[in-house]
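Student: Sequence and predicted model, in that order:
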Amino acid sequence: MSRDVEVMIEHFDEKLTFVTEQAVDIKQDVEKLKGDMNIVKEDIEVIKTDIEFIKDGLRKKMDYDEFNALERRVALLESRR
């Protein structure tokens, strides 16, 4: 085998090793991101549950306009006494 071919093979081996190392690093990063995404999904589920709880509570409360109307009615009834 000629020296040129040996140099090309060595160069190819170095590049292949580099690419393999990068692929391993990328795989580890993807696995970490998957774990992070699971945490985010769990957090979102908690937030959604909290929002539903808040929405239910707000449905049971009187809005400002309803309160003003009720206040006027009570004032009118009290003035008739």
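Tutor: Arrived safely. Numbering: from 1, shown residues only.

Student: so where is this protein shaky, pLDDT-wise?
Tutor: Within the chain, no range satisfies pLDDT under 70.

Student: List the buried residues of stretch 42-62.
Tutor: Residues of stretch 42-62 classed as buried by neighbour count (16 or more other Cβ atoms under 10 Å): none. C-betas here are computed from N, CA, C, even on glycine.

Student: List the contacts of that stretch.
Tutor: residue 70 (Cβ atoms under 8 Å, 6 or more residues apart in numbering).

Student: could I have that stretch exported to PDB, CA atoms only?
Tutor: Extracted in PDB, the C-alpha atoms of stretch 42-62 (Å, rounded to 0.1, in the frame of the first residue of the first chain):
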ATOM      1  CA  GLU A  42     -45.900  17.300  33.900                       C
ATOM      2  CA  ASP A  43     -45.700  21.000  34.800                       C
ATOM      3  CA  ILE A  44     -48.200  21.900  32.100                       C
ATOM      4  CA  GLU A  45     -50.600  19.300  33.400                       C
ATOM      5  CA  VAL A  46     -50.400  20.800  36.900                       C
ATOM      6  CA  ILE A  47     -51.000  24.300  35.400                       C
ATOM      7  CA  LYS A  48     -54.000  23.100  33.400                       C
ATOM      8  CA  THR A  49     -55.500  21.500  36.500                       C
ATOM      9  CA  ASP A  50     -55.000  24.800  38.400                       C
ATOM     10  CA  ILE A  51     -56.600  26.800  35.600                       C
ATOM     11  CA  GLU A  52     -59.600  24.500  35.600                       C
ATOM     12  CA  PHE A  53     -59.900  25.000  39.400                       C
ATOM     13  CA  ILE A  54     -59.700  28.800  39.000                       C
ATOM     14  CA  LYS A  55     -62.200  28.800  36.200                       C
ATOM     15  CA  ASP A  56     -64.700  26.800  38.200                       C
ATOM     16  CA  GLY A  57     -64.200  29.200  41.100                       C
ATOM     17  CA  LEU A  58     -64.800  32.200  38.900                       C
ATOM     18  CA  ARG A  59     -68.000  30.700  37.400                       C
ATOM     19  CA  LYS A  60     -69.400  30.600  40.900                       C
ATOM     20  CA  LYS A  61     -68.600  34.200  41.700                       C
ATOM     21  CA  MET A  62     -70.700  37.200  40.800                       C
END
